[in-house]
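Asks: Sequence first, predicted model second:
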Amino acid sequence: MASAAMASWREEDPEVVEEEQGESIVLEGEDTEENYEQLLGRLYSLLGENNPGLAGRTHMTVMTYPILLREGTKKTVFVNFMDSCKKMRRQPKHVMDFLLSEMAATGSLDGEQRLVVKRRFSPRNIEALLRRYIYEYVICNGCKGTDTTMSRENRLLFLRCEQCGSSRSVAPIKAGYIARVTRVRA
């Protein structure tokens, strides 16, 4: 249908191209780009009205870089830890367990809801671990969206996507063995 209308436009070069349904599109010599933009806008508006999920309205989560402070010589404080957890929509305990097990360190939340880790780390290391957490526990494998929720069913964690409806099981966080080092006094 559309190819027949385009073929008749090429052969006759009229100012009005008529389609089989009786609708007409007015083409004015040099203003074809403006008409193209109008038609494209109309297409996207109709697409948005009829199929809201396909209209290009993607939900994108923008993560901030981790802000780290040194406390003494052997402690690292992750200042915007709670902000990162809220943006990922995950429980702080789950994120903290993942980070501490991957860093092979101990730590806790202080009174200001900052993560205090009992080792020295650079922001680059924490950022890489957060990125890995996001790929494993936040992003949907089907649609690559971040609008997901985690739920526990029969000892298994499931990641469910709110956009496409897919679900998958995710691996539990494995806490590694952390050796306790004590100094021997002579």
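Replies: That came through fine.

Asks: how about stretch 117-133: buried residues?
Replies: For stretch 117-133, the neighbour count (16 or more other Cβ atoms under 10 Å) marks Val117, Phe121, Ile126, Leu129, Leu130, Tyr133 as buried. Heads up, the C-betas are built off the backbone N, CA and C, glycines and all.

Asks: closest to Gly41 among the residues you listed?
Replies: Each of those was checked against Gly41 using Cβ to Cβ; the closest is Leu130, at 38.2 Å.

Asks: now could you export just the CA positions of the helix or strand that the closest one is a member of as CSV?
Replies: Element membership for Leu130, per DSSP states H and E: helix 123-137. Output in CSV follows, covering the C-alpha atoms of helix 123-137 (Å, rounded to 0.1, in the frame of the first residue of the first chain):
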residue,chain,number,x,y,z
PRO,A,123,36.9,4.5,44.4
ARG,A,124,37.8,2.6,41.2
ASN,A,125,37.6,-0.8,43.1
ILE,A,126,34.3,0.1,44.7
GLU,A,127,32.9,1.3,41.4
ALA,A,128,33.9,-2.0,39.7
LEU,A,129,32.2,-4.0,42.4
LEU,A,130,29.0,-1.9,42.2
ARG,A,131,29.0,-2.3,38.4
ARG,A,132,29.3,-6.1,38.9
TYR,A,133,26.5,-6.1,41.5
ILE,A,134,24.3,-4.2,39.0
TYR,A,135,24.9,-6.7,36.2
GLU,A,136,24.2,-9.7,38.5
TYR,A,137,21.4,-8.4,40.7
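
Asks: so what does it touch, helix or strand wise?
Replies: Helices and strands touching helix 123-137, by 3 or more Cβ pairs under 8 Å, 6 or more residues apart in numbering; DSSP states H and E, are helix 81-88, helix 92-103.

Asks: now for those helices, which one comes closest to Met63?
Replies: When these are compared by Cβ to Cβ, helix 81-88 sits nearest Met63, at 6.0 Å.

Asks: Okay, angle between that closest one and helix 123-137 too, please.
Replies: Orientation note: helix 81-88 sits at an angle of 30 degrees relative to helix 123-137 (axes from the mean of the first three to the mean of the last three Cα atoms, to 10 degrees).

Asks: which parts of helix 81-88 are buried?
Replies: Quick answer for helix 81-88 (16+ other Cβ under 10 Å): Phe81, Met82, Ser84, Cys85, Lys87, Met88.

Asks: And the contacts of that helix?
Replies: With Cβ atoms under 8 Å, 6 or more residues apart in numbering as the test, helix 81-88 has contacts from 61-64, 66, 91-92, 95-96, 109, 113-115, 130, 133-134, 138, 146.
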